[in-house]
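Engineer: I'll drop the sequence and a predicted model, then ask my questions.
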Amino acid sequence: MNPFAWQTVEGTYTRPFDALEKYEYHMSTMPLPPSATFTTTNQRAVIVGATLSPSVTVGIADIKSAWRRLRYAHPILECSIIPAGFSFTPRSPEEIDKWVDSTVTIIPANFQDIKEYKSKNNVKEISANPPRNADSAELYFSPSSNQLFLQLRHEIIDGVGSIMLLNNLLTLLLTPPPQEEIPQETPSLLPRSVTELTNAAPTDEALIQKNNLLVQNYFSKTPISLPLPQSLPNPYESHRFEYTFPASTSKSLLSRCKKEGISITHATTAAAALSILKSTGEEAGTFSTTFPVSLRHTLPHPYNTPKYAASFCITSPLPTIPLSKSTPLISLSKAVKKEYEDWRNDKDAIRYHEPQLQLFEHAIRAGKTPSNAASSTGATVVVSSLGIIENHLTTQGVDEFWIGQVQATTPKIVVFLYTFAGRIHLAASYNRHFHEDGFVEGFVRVVVETLGEGLDVAVTA
């Protein structure tokens, strides 16, 4: 039996984390700082939300009904996430009803009267709050603004999966259940790990040695990073800032990228790197961060479909790219593209997960800092590209879409890049304890300006 397969003991299903899930669990359960104002142990969650069209009229009962049906379709939503991995016990209909009631939060119109929402201006800002508890998934609904969002433990889902899951929820919400429908608890719908599905264990010494060299190189470089202030009085508060390009500018940027043989992902990542370098005051440096790569296309049917949306299917190359202030954006974009393509074209790349994680753990215990982690004086930036949202969000009746990540105790800034309704969005998730709002907004605008200048497209930051 594969060591990453689900096993059943006395009616409870369990499986261990694979390498990437284990990393996410580590990040999600880091010790809380003494000055933290929240008590949740869940410090990393994917946020995905939508504003429904005025023509879409739904009530609280409709929301709960759709959430219940989604839970039956994706039982991993109610799993327990424990140090060893995932644990799931099938529930009775009555128990699932209680779970629905405990994981659905209705946001009132006067939400600023609630202490935890006092500093929030809208539902999008509320969505950046850490989840109320350590459950795998929660649903929030604002009847007054016709908005809803999901908060999902990162161990069980990635960005693309969260969009698929939102689409599954909206489809259920807008499709009344058949009168004769009797949902059944189906543990066979629990997602299998990528490591199991791809037989990704390293198979020979040469492959392991190749991976060792990659990780050693990754640790040996000192990366450029955003400077951190010595001390901020702000509490640990996850927040989000979004910049949206006009449709005409988005079209011009995409056309220019296509002409140069690059994607907007490559160009935006390069623009972020050059913007970080500008902030350091240095003439040159090494850009090293996480390049999220989806693995869904590598999975066999049906695990690559929305039926298994709630799966964690991403990995990352280990880039170390030299750059200077004089590096043209297009040439840096092509260096980024090469990192992505080398990874995708390496049939053994997926097999690096386990040995990478082991080497990371050994290095961290020895006091080393990964080049994609912030030091005490600097913060890294990750550009996570989700492509065209409508490729996954096919439900009609959505006026607005947003995505983000709870950043509860880390200075890392995650910038989600996506296109929705013909407009390119840059959404930065960060923590106010490490970054002033104005600093993050200013940095994103520098990325916008750098992108426009490098592609010779007029932009207004």
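Structural biologist: That came through fine.
Engineer: so where do the strands sit in the stretch 151-300 of the chain?
Structural biologist: Here the stretch 151-300 of the chain has its strands, by DSSP state E, counting those that start in this stretch, at 226-227, 238-244, 284-287, 293-294.
Engineer: The last one pairs with which strands, and in what direction?
Structural biologist: According to DSSP bridges, strand 293-294 has the following sheet partners: strand 314-315 (antiparallel).
Engineer: Give me the mean pLDDT for the strand it pairs with.
Structural biologist: Strand 314-315 comes out with an average pLDDT of 82.
Engineer: Equivalent analysis for stretch 88-98, please.
Structural biologist: The pLDDT scores in stretch 88-98 average 96.
Engineer: same check, this time on stretch 56-69
Structural biologist: This predicted structure assigns stretch 56-69 an average pLDDT of 96.
Engineer: in the stretch 301-450 of the chain, which spans are helices?
Structural biologist: Using DSSP state H, counting those that start in this stretch, the helices assigned to the stretch 301-450 of the chain run over residues 329-345, 353-365, 437-455.
Engineer: what ranges do the helices span in the stretch 151-300 of the chain?
Structural biologist: Under the criterion DSSP H, counting those that start in this stretch, the stretch 151-300 of the chain contains helices at 159-173, 194-198, 205-220, 247-260, 264-280.
Engineer: re earlier: can I get the helices of the stretch 301-450 of the chain in a markdown table with mean pLDDT and mean neighbour count?
Structural biologist: Where C-beta positions appear, they are placed from N, C-alpha and C, glycine not excepted. Output for those, formatted as a markdown table (pLDDT from 0 to 100; neighbours: other C-beta atoms under 10 Å):
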| stretch | mean pLDDT | mean neighbour count |
| --- | --- | --- |
| helix 329-345 | 91 | 18 |
| helix 353-365 | 60 | 17 |
| helix 437-455 | 97 | 19 |
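Engineer: re earlier: tabulate the strands of the stretch 151-300 of the chain (a markdown table), appending distance to F420, mean pLDDT and mean neighbour count.
Structural biologist: As requested, the strands of the stretch 151-300 of the chain are arranged in a markdown table below (distance: least, C-beta to C-beta, whole Å; pLDDT from 0 to 100; neighbours: other C-beta atoms under 10 Å):
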| stretch | distance to F420 | mean pLDDT | mean neighbour count |
| --- | --- | --- | --- |
| strand 226-227 | 27 | 91 | 18 |
| strand 238-244 | 9 | 94 | 20 |
| strand 284-287 | 27 | 94 | 20 |
| strand 293-294 | 18 | 86 | 18 |
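Engineer: Between those, which one is closest to P178.
Structural biologist: Taking C-beta to C-beta, strand 293-294 is the member of the strands of the stretch 151-300 of the chain nearest to P178, at 33.6 Å.
Engineer: Let me know how buried A267 is, in neighbour terms.
Structural biologist: Burial of A267, expressed as a neighbour count using other C-beta atoms under 10 Å, amounts to 27.
Engineer: let's have the chain start at 59 instead
Structural biologist: Okay, using 59 as the starting number, the last item reads as A325.
Engineer: Would you mind confirming that it is in contact with S391?
Structural biologist: Yes. Assessed by C-beta atoms under 8 Å, A325 is found in contact with S391 at 4.7 Å.
Engineer: need the helix or strand of this structure with the lowest average pLDDT.
Structural biologist: Lowest by mean pLDDT, DSSP states H and E among the helices and strands of the chain is helix 411-423, with a mean of 60.
Engineer: Distance check, the residue lying closest to K392 once chain neighbours are set aside against T327.
Structural biologist: Using C-beta to C-beta, 6 or more residues apart in numbering and skipping residues adjacent in sequence, the residue nearest K392 is I320, 6.2 Å away. Counting by C-beta to C-beta, to the nearest Å, the separation of I320 from T327 is 10 Å.
Engineer: H359: neighbour count?
Structural biologist: Using other C-beta under 10 Å, H359 has 8 other residues around it.
Engineer: Among the helices of the stretch 359-508 of the chain, which comes closest to E243?
Structural biologist: When these are ranked by distance to E243, counting by C-beta to C-beta, first place goes to helix 411-423 at 30.9 Å.
Engineer: what about I320 and T327, which has more around it?
Structural biologist: Neighbours around I320 and T327, counted as other C-beta under 10 Å, are more numerous at T327. The numbers are 32 against 21.
Engineer: Now do S283: how many residues are near it, please.
Structural biologist: Residues near S283, counting by other C-beta under 10 Å, number 25.
Engineer: in the sheet, who's paired with the residue nearest to it when sequence neighbours are not counted?
Structural biologist: The spatial neighbour of S283 that comes closest, neighbours along the chain excluded (C-beta to C-beta, 6+ apart), is G436 at 2.9 Å. Applying DSSP bridges to G436 yields these beta-bridge partners: P285.
Engineer: Thought S337 was touching G436, still the case?
Structural biologist: No. When contacts are counted by C-beta under 8 Å, G436 is not listed as touching S337 (9.5 Å).
Engineer: Mind listing the shared neighbours of those two?
Structural biologist: When C-beta atoms under 8 Å, 6 or more residues apart in numbering defines a contact, the residues bordering G436 and S337 alike are 284-285.
Engineer: what about this protein, any weak spots by pLDDT?
Structural biologist: Residue ranges of the chain with pLDDT under 70: 88-101, 191-192, 258-261, 289, 405-435, 466.
Engineer: Show me how the record splits it into domains.
Structural biologist: Here the domain assignment for the chain is 65-252, 258-513, based on automatic domain parsing.
Engineer: among the ones you listed, which is nearest A519?
Structural biologist: Go through those one by one with C-beta to C-beta and the one that ends up closest to A519 is domain 258-513, at 3.9 Å.
Engineer: what about that closest one, distance to the chain center?
Structural biologist: Using C-alpha atoms, centre = their mean, to the nearest Å, the distance from the centre of domain 258-513 to the centre of the chain it belongs to is 10 Å.
Engineer: Once you drop chain neighbours, what's closest to L290?
Structural biologist: Among residues not flanking L290 along the chain, H491 sits closest, at 6.0 Å (C-beta to C-beta, 6+ apart).
Engineer: Could I get the contacting residues of the one you found?
Structural biologist: With contact taken as C-beta under 8 Å, 6+ apart, H491 is in contact with 93, 290, 292-295, 467.
Engineer: Now neighbour count too, for those residues, in CSV please.
Structural biologist: Converted to CSV, the contacts of H491 look like this (neighbours: other C-beta atoms under 10 Å):
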residue, neighbour count
S93, 10
L290, 14
N292, 15
P293, 13
Y294, 20
E295, 19
T467, 21
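Engineer: I'm done for today, thanks for sticking with me.
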